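> Got a predicted structure plus its sequence, pasted below:
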Amino acid sequence: MTLIVKRPRAMKHMPLMKIEQDFQNEFRWWEYDPETGEVIIVLKTECLWGAIRILDPMWLVNLSEKDVGRLYYNKIVHQVQDVVQAMQYQNVIKIRYTYEINSGKMWNTKWPEIEKKEFMREIRKEERIEARMKKAFIRRYQFMTKVLPTNQTSLAYFELKRQRIRKYFFRR
């Protein structure tokens, strides 16, 4: 059996929170805080310490190219039990760095090409499934030359007659 699942409906333009940008010179480290479920980007100017708190991994899409590079090369600090949550943030940065997705440069990136490639891959998959279904439909009736015996046939010799069970519980 082949299941055909439709593509999920998703937002194309996600509303993002404004985040401070161009902090690569002030960046010290970034860590996952298990108590609040946020990522804290720690900054230090000449004598002041600051922090940027990020609640959702998609907020990282709003960073500049240099900030993404800085976060990519400095891996996130986390505890052992928080690996899964911390890696969600790290993976967003990895994808952004790999595909060059930056704030303000969305139209100069490779993202439309990637989206088109994924869309075409899905269309080809649907076409293959339809071709298999057509072939299976044809093959289903290819070898049917005889009428199968059922209890609904009009001819008596085609009917399946129920045989009486003899010697059931040793009866005679």
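Thanks, I have the structure now. Numbers count the residues shown, from 1 in each chain.
> Could you pick out the longest helix of the chain?
When the chain is parsed with DSSP state H, its longest helix is helix 111-140.
> Which residue, other than its chain neighbours, is closest to residue 90?
The shortest distance from residue 90 to any non-neighbouring residue, by Cβ to Cβ, 6 or more residues apart in numbering, is to residue 76 (5.1 Å). For every residue, glycine as well, the C-beta is placed using N, CA and C.
> can you count the residues close to that neighbour?
Residue neighbour count, defined by other Cβ atoms under 10 Å, stands at 19 for residue 76.
> Need phi/psi at it.
Residue 76 adopts backbone torsions of phi -70, psi 140, taken as degrees, to the nearest 10.
> Residue 39 is in contact with that one, correct?
Yes. Assessed by Cβ atoms under 8 Å, residue 76 is found in contact with residue 39 at 6.9 Å.
> Now for the two: what residues contact both?
Counting by Cβ atoms under 8 Å, 6 or more residues apart in numbering, the shared contacts of residue 76 and residue 39 are 30, 31, 32, 86, 89.
> counting contacts, what elements does the longest helix of the chain pack onto?
With contacts taken as 3 or more Cβ pairs under 8 Å, 6 or more residues apart in numbering; DSSP states H and E, helix 111-140 sits against no other helix or strand.
> So which bits of that helix are buried?
Of the residues in helix 111-140, none count as buried by neighbour count, 16 or more other Cβ atoms under 10 Å.
> what's the answer for stretch 18-34, then?
19, 21, 23, 24, 26, 27, 30, 31, 32, 33.
> is it possible to export those to TSV including distance to residue 68?
Listed next are those as TSV, based on distance: Cβ to Cβ, whole Å:
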residue	distance to residue 68
19	12
21	10
23	11
24	9
26	15
27	11
30	12
31	17
32	18
33	21
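> Kindly indicate which of those lies nearest residue 141.
Using Cβ to Cβ, residue 32 is the member of those that sits closest to residue 141, with 59.6 Å.
> Beta-bridge partners for that closest one, please?
Taking DSSP bridges as the rule, residue 32 bridges to residue 39.
> which residues touch it?
38, 39, 40, 76, 77, 78, 79, 82, 85, 86, 89.
> Quick check on these: which are buried?
38, 39, 40, 76, 78, 85, 86, 89.
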